[in-house]
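Colleague: all I have is the shape, not the residue letters:
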């Protein structure tokens, strides 16, 4: 499988960008000036990279490569520990499991994509080994609770898949060993998870991450529809759920079931089989609770492929082949069935969205425009947040919704979003392509777009010709705001140059005095935009509070002070 088709996806850098912002600028977000936002769903990866970056300064490429191999090693290590009683047989089964998952294009692709899947795979393997060990040895140290809590924070939605597993483990451990310690240890893990959720609400002001709001994900409403037996929702979700099971190779379990009557499952192995079956079961329900996953319907449930493989290996491990020699014909039939069905498993190599190199040209173009016109920290409007935000060279107006809270909340109100774009935001540069052109066509087809912006380059590719017939003036490309060209010498440009020359509140007071107009509430917004680009410097100089106070009497004071203080 060609690594260029899956390694280092741009969406994988979004979480790392938040972590770098936290280390470099002191708050969780995607741009140097603001705003505080939770545009990611992978807390564990966020904190691991924040620690690694603060100590080593490693970039996204080095970290993505490191996490791919690091997590692959520990995933293999914990899987092998599940068969440690018979080392040679255990090693052979682990190799067979490795062959299975490395020939699975989606599993391998998302594991190496730079997203949180690698950590999820390693934590699932660790969790299954720890719980198996506890069932076999009647030992469940208190530190297991910490591991359980960490596992629950790999993704914000991991609780849906792991909570049933952990509760079932506590029940099974209690019944088998007549001991309630399992409930106490699981309670520690859930307590850590709950404390983290309370901190999230305190820091971000919302239980839902901006990613859920941006994608319209509402688990509570989806569960309501599920419990109310909404037939349309059940049909659609079940179709995607069955698609998940097919991609994860759940059909491989059918020949494995034939061997179950011959298996002599010990308590630990029996638990692993049950736990893996539960993970596969919840992966079916994932689309019904969270909707279809962005980028790839199976992306957030690739752990089910590992669960399928581990379940099969546990059954093979538990058949006493020497004694139950008559299981051999059944095993042979199972092997034949797998060989015949193998072409189904070998799907065409997927090309996972979105390749990181795509965005280097946008970066170079934005830097060239900034330097040619002697600007300071331009604001770039783009629907792709990863690499462009990781560099911390620009502020971002995220047309993809993840990294801009105001844009996210206006996602379902296109006319209000258009008003916000022109009356308040007016990004310095606008980059757009593909389907995003049509998603924001009301903005790009507005006459003000050509009035305020000039193309650095533009084109109309086949996609727009095929699907954009209703919007003939909409094009792809990079567009620069005319007021920021040096030869225009607009009031906004003059204010930028004054603050570049000397960071002071005086030019801001003068600009506000001349631009505040009661009959035009947004006339002074160029001052807000200019101040916003210099916010890190004002914070460093200790002038932030005094700066924000200057906007207490503007016609849009609530917005101005919120955006500058966010």
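Modeller: Received, thanks. Note that the structure is predicted; figures quoted are calculated from it, not measured.

Colleague: tell me the secondary structure at residue 457.
Modeller: strand (DSSP: H, G, I helix; E, B strand; the rest coil).

Colleague: so it sits against residue 477, correct?
Modeller: Yes - using CB atoms under 8 Å, residue 457 is in contact with residue 477, at 5.0 Å. For the C-beta atoms, the positions are set from N, CA and C on the backbone; glycine is no exception.

Colleague: looking at the two, which is more packed in?
Modeller: residue 477 (16 against 11; other CB atoms under 10 Å).

Colleague: pLDDT weak spots in the stretch 301-450 of the chain?
Modeller: Within the stretch 301-450 of the chain, the set of residues satisfying pLDDT under 70 comprises 321-351, 355, 357-359.

Colleague: what are the ranges of the helices in the stretch 401-550 of the chain?
Modeller: Counting by DSSP state H, counting those that start in this stretch, the stretch 401-550 of the chain has helices at residues 405-409, 414-420, 435-439, 441-444, 447-452, 462-467, 491-501, 506-515, 525-533, 535-540, 544-549.

Colleague: ok, and what's touching the last one?
Modeller: Spelled out, that is helix 544-549. Applying CB atoms under 8 Å, 6 or more residues apart in numbering, the external contacts of helix 544-549 come out as 505, 508, 531, 535, 538, 561, 564-565.

Colleague: mean neighbour count and distance to residue 55 for the helices of the stretch 401-550 of the chain - can I get that in JSON lines?
Modeller: What follows is the helices of the stretch 401-550 of the chain, written out as JSON lines (neighbours: other CB atoms under 10 Å; distance: least, CB to CB, whole Å):
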{"stretch": "helix 405-409", "mean neighbour count": "20", "distance to residue 55": "30"}
{"stretch": "helix 414-420", "mean neighbour count": "16", "distance to residue 55": "40"}
{"stretch": "helix 435-439", "mean neighbour count": "18", "distance to residue 55": "37"}
{"stretch": "helix 441-444", "mean neighbour count": "20", "distance to residue 55": "42"}
{"stretch": "helix 447-452", "mean neighbour count": "13", "distance to residue 55": "44"}
{"stretch": "helix 462-467", "mean neighbour count": "12", "distance to residue 55": "44"}
{"stretch": "helix 491-501", "mean neighbour count": "17", "distance to residue 55": "33"}
{"stretch": "helix 506-515", "mean neighbour count": "15", "distance to residue 55": "38"}
{"stretch": "helix 525-533", "mean neighbour count": "22", "distance to residue 55": "30"}
{"stretch": "helix 535-540", "mean neighbour count": "18", "distance to residue 55": "22"}
{"stretch": "helix 544-549", "mean neighbour count": "14", "distance to residue 55": "28"}
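
Colleague: how about those helices, which one is nearest residue 367?
Modeller: The closest of the helices of the stretch 401-550 of the chain to residue 367 is helix 525-533. By CB to CB, the value is 14.8 Å.

Colleague: could you tell me the angle between the closest one and helix 506-515?
Modeller: 160 degrees (axes from the mean of the first three to the mean of the last three CA atoms, to 10 degrees).

Colleague: packing partners of helix 525-533?
Modeller: Counting contacts by 3 or more CB pairs under 8 Å, 6 or more residues apart in numbering; DSSP states H and E, helix 525-533 is packed against strand 379-382, helix 491-501, helix 506-515, helix 557-565.

Colleague: residue 401 is nearest to which of the ones you listed?
Modeller: The closest of the helices and strands packed on helix 525-533 to residue 401 is strand 379-382. By CB to CB, the value is 11.6 Å.

Colleague: list the strands paired with that closest one, with their directions.
Modeller: strand 395-398 (parallel), strand 429-432 (parallel) (DSSP bridges).

Colleague: residue 150: which of the ones you listed is closest?
Modeller: Set against residue 150 and scored by CB to CB, the strands paired with strand 379-382 come closest in strand 395-398, at 29.3 Å.

Colleague: surely residue 67 meets residue 118?
Modeller: Yes - contact between residue 67 and residue 118 holds when scored by CB under 8 Å: they sit 5.1 Å apart.

Colleague: which secondary structure element of the chain has the lowest mean pLDDT?
Modeller: helix 327-345 (a mean of 61; mean pLDDT, DSSP states H and E).

Colleague: so what's the gap between stretch 460-471 and the chain middle?
Modeller: 29 Å (CA atoms, centre = their mean, to the nearest Å).

Colleague: what sits up against that stretch?
Modeller: 434-435, 437-438, 441, 444-445, 474-476.

Colleague: same check on stretch 184-199?
Modeller: The set of residues external to stretch 184-199 that reach it, using CB under 8 Å, 6+ apart, is 43, 140, 142, 144-153, 159, 163, 166-167, 169-170, 207.

Colleague: buried ones from those, can you make that a ChimeraX selection?
Modeller: Only the buried members of these enter the following ChimeraX selection, criterion being 16 or more other CB atoms under 10 Å:
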select :43,140,144,145,147,148,149,150,151,152,153,159,163,166,169,170
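
Colleague: right, and the helix or strand after the strand or helix carrying residue 270?
Modeller: Using DSSP states H and E, residue 270 sits in helix 267-290. Using DSSP H and E, the helix or strand that follows helix 267-290 towards the C-terminus is helix 303-318.

Colleague: which element, helix or strand, includes residue 109?
Modeller: Applying DSSP H and E as the criterion places residue 109 in helix 105-111.

Colleague: got the buried residues for the helix or strand just after that helix?
Modeller: Downstream of helix 105-111, the first helix or strand assigned by DSSP H and E is helix 117-137. Under the neighbour-count criterion of 16+ other CB under 10 Å, helix 117-137 has 117-136 buried.

Colleague: just stretch 287-307 next, same as before
Modeller: For stretch 287-307, burial by neighbour count (16+ other CB under 10 Å) applies to 287-293, 296-307.

Colleague: mind telling me what element residue 24 is part of?
Modeller: Element membership for residue 24 (DSSP H and E) is helix 12-25.

Colleague: contacts only, for the closest residue to residue 223 other than its chain neighbours.
Modeller: In space, and not counting its chain neighbours, residue 223 is closest to residue 289: 6.2 Å by CB to CB, 6 or more residues apart in numbering. By CB under 8 Å, 6+ apart, residue 289 lies in contact with 160, 219, 222-223, 226.

Colleague: and residue 289, how close does it get to residue 161?
Modeller: Counting by CB to CB, to the nearest Å, the gap from residue 289 to residue 161 is 10 Å.

Colleague: same question, residue 200
Modeller: With CB to CB as the criterion, residue 200 and residue 161 are 19 Å apart.

Colleague: am I right that residue 415 is in contact with residue 442?
Modeller: Yes - the pair residue 415 / residue 442 is scored as a contact, 6.8 Å apart, by CB under 8 Å.

Colleague: burial of the nearest residue to residue 399 once chain neighbours are set aside, as a residue count?
Modeller: Distance criterion CB to CB, 6+ apart; nearest residue to residue 399, sequence neighbours excluded, is residue 383 at 4.3 Å. Using other CB under 10 Å, residue 383 is surrounded by 18 other residues.
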